[in-house]
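1. 3D model of this:
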Amino acid sequence: MNLFTSFMRTVVPIVAGLVLTLLVHLGVRFDSASVASVVTTVLTGAYYTVFRLLENLAVKIRSRPLATVAGVFLGWATPPDYPTAEHPTPAPASP
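-> Okay, here's the model as predicted:
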């Protein structure tokens, strides 16, 4: 489940960046593929940053509805839960 959640939270902002780029493209004609790529990258990064910061703010102010909305715009309502690696405790030294 964590892999799927992580995947969705990566793909949805990319698709959102593409959609935003297409919306901008409707009013502006791009002659260069590199300009379109830069616009896509900037819009995708901005989209992800805004909703990730909003999600972090929601956690800090303990607003579950806001965190859920921000998470949905990132592709999944809650952040992925990555288990922490357990560090083995060293055996006591023999005398």
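2. quick one: T40 and T5, what's the gap?
-> Using C-beta to C-beta, to the nearest Å, T40 is found at 24 Å from T5. For glycine as for every other residue, the C-beta is placed from the backbone atoms N, C-alpha and C.
3. repeat for G17
-> Taking C-beta to C-beta as the measure, G17 falls 19 Å from T5.
4. and for K60?
-> From K60 across to T5, the span is 21 Å (C-beta to C-beta).
5. which SSE is T84 in?
-> Secondary structure assigned from DSSP states H and E places T84 in neither a helix nor a strand.
6. count of neighbours near it?
-> Neighbourhood size, T84 [other C-beta atoms under 10 Å]: 6.
7. now find how far off-centre the helix or strand that V50 is a member of is within its chain.
-> Using DSSP H and E, V50 falls within helix 33-60. For helix 33-60, the separation from the chain centroid amounts to 8 Å (computed by C-alpha atoms, centre = their mean, to the nearest Å).
8. got the angle for the very next helix or strand once past that helix vs helix 33-60?
-> Tracing the chain past helix 33-60, the next element assigned as helix or strand by DSSP H and E is helix 64-73. Angle, helix 64-73 to helix 33-60, by axes from the mean of the first three to the mean of the last three C-alpha atoms, to 10 degrees: 160 degrees.
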